[in-house]
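**Student:** sharing a sequence plus its predicted fold:
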Amino acid sequence: MTLIAEVFVADVLGKAVLDPLGEEIGLLRDIAVEGGAPFPRAAGLVLEKKKKMWFLPWSDLGIFNRRIISSRKRESDLSEFHPSPDMLLIGKDLLDKQIVDINGAKVVRVNDVKLTEEGGSACVTDVDVGVLGILRRLGVERRGAAFFKTIRHPLKHQLISWEFIQPLESRLDPLTLSVSREAISKIHPADIAQIISGMSPDERKGFFEKLDLETAAEALHELEPEVQADLISDMDKEQAADVIERMPPDEAADVIADLPAEKAQELLGLMEKEEAEDIHELLGHEEDTAGGLMTNEYLAYPPDLTVGEALARFRKEAPEIEAVYHIYLVEDDKLRGVIDLRDLILADQSRRLNELERATLITVHPGAGQESVAELISKYNLLALPVVDEENCMLGVVTVDDVVDLLLPPASRRKRRKM
């Protein structure tokens with residue numbers, strides 16, 4: 001068998017396959033491939049003749065390139081084709097399917113597939129997701145490429161290597177291919193949300209359920225409320241509760257508030273008691289207020305703690321909190337002061353925390369409007385603003401990223417309902 005370097009499948013589908021005497025034995029309708037490391041290997045050709053499908057093993061090919069395909073077998077020697085669960089058909093199972101492009105962080109469509117000679121075999125090495133693949137399928141690649149060149153937009157191959165692709169499902173449905181879970185977890189959550197938003201509801205469900213819990217939790221908050229609700233409602237309730245549990249409480253409250261009340265209560269009942277109580281507390285505040293914006297995850301230490309003791313506690317507790325900008329000094333539940341993290345790290349470890357506190361303590365009440373919160377954070381150049389009640393008891397903090405959301409509202413900003 002002779003394979004000339006590389007062949008795009010669109011160039012050979014529909015081509016006549018000839019026997020040793022030059023007689024046509026059938027038209028090429030598909031190419032079967034089977035598993036192999038690192039690339040799937042071509043197992044044979046599926047031919048059509050007289051409205052029947054026949055199988056020509058790859059080992060029986062004489063020549064295979066874009067100009068001529070020939071067989072060592074005669075038509076009478078061919079066996080009828082019967083699909084095997086161990087094989088993929090490039091035309092049927094791969095072309096026009098959707099995959100995740102991790103470099104572009106988006107869902108793209110397989111327009112063509114490239115076969116390359118590897119160790120004496122023909123292997124699937126790349127999928128073409130670009131315009132050139134479409135033009136090739138239409139049989140106008142050369143003319144189309146020339147046109148784009150004349151308008152100063154020359155087309156380039158947009159190939160994704162098969163090594164970044166693997167089946168998501170045992171059967172090949174829409175969004176059948178994706179990068180590995182490990183690769184997906186390295187994509188920014190906002191980009192994962194963008195990928196999910198480009199899918200149909202069924203595709204979203206299959207894709208989201210295969211994310212690890214941490215990645216799913218990070219991506220969920222970036223999605224629009226109706227998409228969040230659909231994903232959580234369709235998931236196994238135990239898995240849904242696990243995902244929400246891994247979110248910061250303010251983000252988890254946003255998600256829970258957009259669910260039907262019965263579903264929300266069911267999920268809260270499956271969560272750890274402490275996490276569920278944090279979410280309940282946040283849901284009690286009106287939207288568009290400091291209480292509605294705040295998170296009740298923050299670090300608060302007694303004022304008479306030494307710097308060394310505080311740093312030891314910080315190393316244990318900080319990894320569990322989404323964003324840490326300050327240490328709050330709390331005594332008898334009342335906020336006494338605040339320390340910038342930089343000052344804590346640079347201070348002598350024998351000093352007491354109350355010796356490092358800021359001269360001015362800026363706070364806000366939970367009922368304050370979001371505009372007032374934004375003004376305070378902007379005016380005093382704060383990274384986080386503590387929220388206190390009438391008795392100065394610490395309730396939570398509004399972080400600067402919440403204010404950025406107010407100024408440039410993302411699609412993920414949603415309204416919360418009281419429960």
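**Tutor:** In hand now; what should we look at? Numbers count the residues shown, from 1 in each chain.
**Student:** other residues contacting stretch 217-225?
**Tutor:** 189-190, 192-193, 196-197, 208, 211, 228, 231-232, 243-247, 251, 254-255, 258, 410-412, 414-415 (C-beta atoms under 8 Å, 6 or more residues apart in numbering). Glycine gets a C-beta too; all of them are placed from N, C-alpha and C.
**Student:** look at that stretch and report the distance between its end residues.
**Tutor:** End-to-end span of stretch 217-225 (C-alpha to C-alpha, to the nearest Å): 14 Å.
**Student:** and the residue most central in space within the chain, what pLDDT?
**Tutor:** By C-alpha atoms, centre = their mean, the chain has its centre lying nearest to I192, at 2.8 Å. As predicted, I192 sits at a pLDDT of 83.
**Student:** what's the helix or strand for it?
**Tutor:** helix 189-197 (DSSP states H and E).
**Student:** which strands or helices does that helix pack on?
**Tutor:** strand 106-109, helix 201-209, helix 213-220 (3 or more C-beta pairs under 8 Å, 6 or more residues apart in numbering; DSSP states H and E).
**Student:** quick check: angle from the longest one to helix 213-220?
**Tutor:** Pointing back at helix 201-209 there. Interaxial angle, helix 201-209 versus helix 213-220 (axes from the mean of the first three to the mean of the last three C-alpha atoms, to 10 degrees): 130 degrees.
**Student:** might you report the residue contacts of E118?
**Tutor:** 39, 125.
**Student:** name the nearest residue to R246, ignoring sequence neighbours.
**Tutor:** A217 (3.8 Å; C-beta to C-beta, 6 or more residues apart in numbering).
**Student:** could you report the pLDDT at the one you found?
**Tutor:** For A217, the predicted pLDDT is 90.
**Student:** turn the helices and strands packed on helix 189-197 into CSV, columns for mean neighbour count and distance to V400.
**Tutor:** Listed next are the helices and strands packed on helix 189-197 as CSV, based on neighbours: other C-beta atoms under 10 Å; distance: least, C-beta to C-beta, whole Å:
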stretch, mean neighbour count, distance to V400
strand 106-109, 17, 29
helix 201-209, 17, 29
helix 213-220, 21, 19
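**Student:** okay if I get these as JSON lines plus distance to L329?
**Tutor:** Converted to JSON lines, the helices and strands packed on helix 189-197 look like this (distance: least, C-beta to C-beta, whole Å):
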{"stretch": "strand 106-109", "distance to L329": "47"}
{"stretch": "helix 201-209", "distance to L329": "41"}
{"stretch": "helix 213-220", "distance to L329": "31"}
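**Student:** of the contacts of stretch 217-225, just the buried ones, ChimeraX syntax please.
**Tutor:** Selection of buried members from the contacts of stretch 217-225 for ChimeraX, criterion 16 or more other C-beta atoms under 10 Å:
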select :189,190,192,193,196,208,211,228,231,232,243,244,245,246,247,251,254,255,258,412,414
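**Student:** among the contacts of stretch 217-225, which ones are in helices?
**Tutor:** Among these, the ones falling in helices (DSSP state H) are 189-190, 192-193, 196-197, 208, 228, 231-232, 243-245, 251, 254-255.
**Student:** max-length strand in the protein?
**Tutor:** strand 24-34 (DSSP state E).
**Student:** just checking, what packs against that strand?
**Tutor:** Contacts defined by 3+ C-beta pairs under 8 Å, 6+ apart place strand 24-34 against strand 16-18, strand 41-49, strand 52-57, strand 87-89.
**Student:** please tell me I have it right and V131 contacts L155.
**Tutor:** Yes. Using C-beta atoms under 8 Å, V131 is in contact with L155, at 5.4 Å.
**Student:** and C393, what are its bridge partners?
**Tutor:** K334 (DSSP bridges).
**Student:** how about it, what does it touch?
**Tutor:** With C-beta under 8 Å, 6+ apart, C393 has these contacts: 333-335.
**Student:** would CSV of the residues you listed with pLDDT, neighbour count and distance to A318 be doable?
**Tutor:** As requested, the contacts of C393 are arranged in CSV below (pLDDT from 0 to 100; neighbours: other C-beta atoms under 10 Å; distance: C-beta to C-beta, whole Å):
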residue, pLDDT, neighbour count, distance to A318
D333, 91, 13, 21
K334, 94, 13, 23
L335, 95, 20, 19
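**Student:** just put those in a markdown table and tack on distance to L353.
**Tutor:** What follows is the contacts of C393, written out as a markdown table (distance: C-beta to C-beta, whole Å):
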| residue | distance to L353 |
| --- | --- |
| D333 | 17 |
| K334 | 15 |
| L335 | 13 |
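**Student:** go through these and name the one nearest L18.
**Tutor:** L335 (85.2 Å; C-beta to C-beta).
**Student:** list the contacts for that closest one?
**Tutor:** By C-beta under 8 Å, 6+ apart, the contact set of L335 is 300, 328-329, 361, 363, 386, 388, 392-394.
**Student:** centre of the chain to the edge, which residue is at the far end?
**Tutor:** Largest centroid distance in the chain under C-alpha atoms, centre = their mean is L21 at 53.2 Å.
**Student:** measure L78 to V7 for me?
**Tutor:** 22 Å (C-beta to C-beta, to the nearest Å).
**Student:** also G144?
**Tutor:** Taking C-beta to C-beta, one finds G144 at 19 Å from V7.
**Student:** higher neighbour count, these two?
**Tutor:** Comparing G144 with V7 by other C-beta atoms under 10 Å, the one with more neighbours is V7, at 21 against 17.
**Student:** who's in contact with S378?
**Tutor:** By C-beta under 8 Å, 6+ apart, the neighbours of S378 are V403.
**Student:** quick one, domains of the protein?
**Tutor:** Per the record, the chain has its domains at 2-137, 181-283, 300-407, by automatic domain parsing.
**Student:** tabulate these (JSON lines), appending distance to T150.
**Tutor:** Formatted as JSON lines, the domains of the chain follow (distance: least, C-beta to C-beta, whole Å):
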{"stretch": "domain 2-137", "distance to T150": "15"}
{"stretch": "domain 181-283", "distance to T150": "31"}
{"stretch": "domain 300-407", "distance to T150": "45"}
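**Student:** which one of the ones you listed lies closest to L159?
**Tutor:** Using C-beta to C-beta, the domains of the chain put domain 2-137 closest to L159, at 4.2 Å.
**Student:** looking at the ones in helices among the contacts of stretch 217-225, which is nearest H285?
**Tutor:** For the ones in helices among the contacts of stretch 217-225, the nearest to H285 is D254 (12.0 Å; C-beta to C-beta).
**Student:** now the closest one: how far from V397?
**Tutor:** 16 Å.
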